[in-house]
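Trainee: Sequence plus the predicted model coming up.
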Amino acid sequence: GIQHEGASRLVPAAPQTNGLVHQNHGNVHRQSMLFWGFFFFVPPLIMIAFNGGRLSMSREELLATETAKRRVKRDEEIEEDQKQAMQRALFDTNDASNHFRQGWAVKRDQERERRRLERDQAKQQGA
């Protein structure tokens, strides 16, 4: 290549290409436009065709899917576990060891026990 007198010897002069770089660059640009156009527009078109042109589902249709049924079942199991944990924390503790139970829970249990004894006595007298 041709170098100017003041140019550094470490930087080579640009090679002579006769315009081939610009032609090749245009071809790569065209190929990338085709690739990304295909990549971003064809899959959504396939999805719309697969769904029969519908872009969304109603709430009832969503809840009828297998995924929604599994989710509802899992949520119910979690809710049941939370209820059991709350039941244990409030009512199934050992009164003698930690006195954790609330006063209203103790009164409720005493009232239930009193009613049960009254029922048992009524059954014995009636029999």
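Mentor: Alright, I've got the coordinates. Residues are numbered from 1 along each chain as shown.
Trainee: Toward the C-terminus, what is the element adjacent to the helix or strand of the chain with the lowest mean pLDDT?
Mentor: Ranking every helix and strand in the chain by mean pLDDT, DSSP states H and E puts helix 95-98 at the bottom, with a mean of 53. Scanning the chain past helix 95-98 towards its C-terminal end, the next helix or strand to appear is helix 103-126 (assignment: DSSP states H and E).
Trainee: Could you pull up the mean pLDDT of the longest helix seen in the chain?
Mentor: For the chain, the helix with the greatest residue count under DSSP state H is helix 20-50. Confidence over helix 20-50 (mean pLDDT, whole number) is 84.
Trainee: and if you look at stretch 68-79?
Mentor: What stretch 68-79 shows for mean pLDDT is 90.
Trainee: Residues contacting that stretch, please?
Mentor: The contact list for stretch 68-79 (C-beta atoms under 8 Å, 6 or more residues apart in numbering) reads 62-63. C-betas here are computed from N, CA, C, even on glycine.
Trainee: Could I get the CA-only coordinates of that stretch as PDB?
Mentor: Listed next in PDB are the C-alpha coordinates belonging to stretch 68-79 (Å, rounded to 0.1, in the frame of the first residue of the first chain):
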ATOM      1  CA  ALA A  68     -54.600 -23.700  36.300                       C
ATOM      2  CA  LYS A  69     -56.000 -26.900  37.800                       C
ATOM      3  CA  ARG A  70     -52.600 -27.900  39.200                       C
ATOM      4  CA  ARG A  71     -52.100 -24.400  40.500                       C
ATOM      5  CA  VAL A  72     -55.500 -24.200  42.300                       C
ATOM      6  CA  LYS A  73     -54.800 -27.700  43.800                       C
ATOM      7  CA  ARG A  74     -51.400 -26.600  45.000                       C
ATOM      8  CA  ASP A  75     -52.800 -23.300  46.400                       C
ATOM      9  CA  GLU A  76     -55.500 -25.300  48.300                       C
ATOM     10  CA  GLU A  77     -52.800 -27.600  49.800                       C
ATOM     11  CA  ILE A  78     -50.700 -24.600  50.900                       C
ATOM     12  CA  GLU A  79     -53.800 -23.000  52.400                       C
END
